[in-house]
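Engineer: I'd like to go over a predicted model; first the sequence, then the structure.
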Amino acid sequence: MVNLFQAVILSIVQGITEWLPISSSGHLALLQHYFGFQNLPFDVFLHFASIFAIIAIFWKDLIKLSDIKDKKNIKFILLILVGIIPAGIVGVLFKENIEGFFSSLFYLGIFFMVSGILVFSTKFSREKKEKIRFLDSIHIGLFQACSIVPGISRSGATISGALLTGINKKEAVKYSFFMAIPIILGASIMELGNLNFNEISLFILLISFIITLLVSIFTIKLLMKIINSDKFYIFGVYNFLLGLAIIIFERFFN
């Protein structure tokens, strides 16, 4: 049973952590552990709400992208589809194994530390390309596939993958955000049918949706400013220290 207080807290956390490179699934799993419940369909619902922030901010770009007469648009759409293939394969083949990680604080801590190292490594990246190529999309897609486990941020993995490939910051962020749309929509279609309305009221779902959407819009705009100021890597420090703290607490104080 998800009450209103829990839903509000989880919605705020989702709106912040979905787009900052600090793993929304990892933070939600951590909070749910201490709240004493686990509700994966509700997690997916919050992810679904986050997608509308992308639509709200990039609606002009999405409208332009819908013009399939433009070859550049067709190429960009194909690049997105190629990029999501690795995550789709991993998600289908290892769905049950991945769900098991959500209940293990030890693995959660490990994955946070891995994400921290990955994001921090972008401090040493250099921009060499203006546009993403097909090989780049596969490379970034493999990074995204790793982010299916809790603790490894999807935005952190894809933006880091793009930056480490030499893609410029603006293109890296745009590609990462647009990749999120089919991935999260696909997961939503698979999981939203499992939402139990006897446990979560429609009122709570509506409040959760609105909060997640508004916080997500603010967070995306904040992230874009941070990336432009070349401070993206600092989130790596946060991830690593959080993962280390989780492991220490789990091993010695739990």
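Structural biologist: Sure, I can see it.
Engineer: hey, where'd the helices end up in the stretch 151-254 of the chain?
Structural biologist: 154-165, 169-191, 202-228, 234-252 (DSSP state H, counting those that start in this stretch).
Engineer: now swap in the stretch 1-150 of the chain and tell me
Structural biologist: According to DSSP H, counting those that start in this stretch, the helices that the stretch 1-150 of the chain contains are 4-17, 24-35, 40-57, 59-65, 71-93, 95-101, 105-120, 134-146.
Engineer: Among these, which comes closest to residue 177?
Structural biologist: Among the helices of the stretch 1-150 of the chain, the nearest to residue 177 by Cβ to Cβ is helix 40-57 (5.3 Å). C-beta: built from backbone N, CA, C; applies to glycine.
Engineer: So what touches that closest one?
Structural biologist: 2, 7, 10-11, 14-15, 18-19, 24-25, 28, 32, 62, 99, 102, 177-178, 180-181, 184-185, 187-188, 190-192, 194-196, 200, 205, 208-209, 212-213, 216-217, 219-221 (Cβ atoms under 8 Å, 6 or more residues apart in numbering).
Engineer: Now which of those would you call buried?
Structural biologist: 2, 7, 10-11, 14-15, 18-19, 24-25, 28, 32, 102, 177-178, 180-181, 184, 187-188, 191, 195, 200, 205, 208-209, 212-213, 216-217, 219-220 (16 or more other Cβ atoms under 10 Å).
Engineer: what residue ranges in the stretch 51-200 of the chain score low on pLDDT?
Structural biologist: 95-96, 99-103, 191-199 (pLDDT under 70).
Engineer: Could you say which of the helices of the stretch 151-254 of the chain is packed most deeply?
Structural biologist: Most buried of these, by mean neighbour count (mean count of other Cβ atoms under 10 Å): helix 154-165, with a mean of 26.
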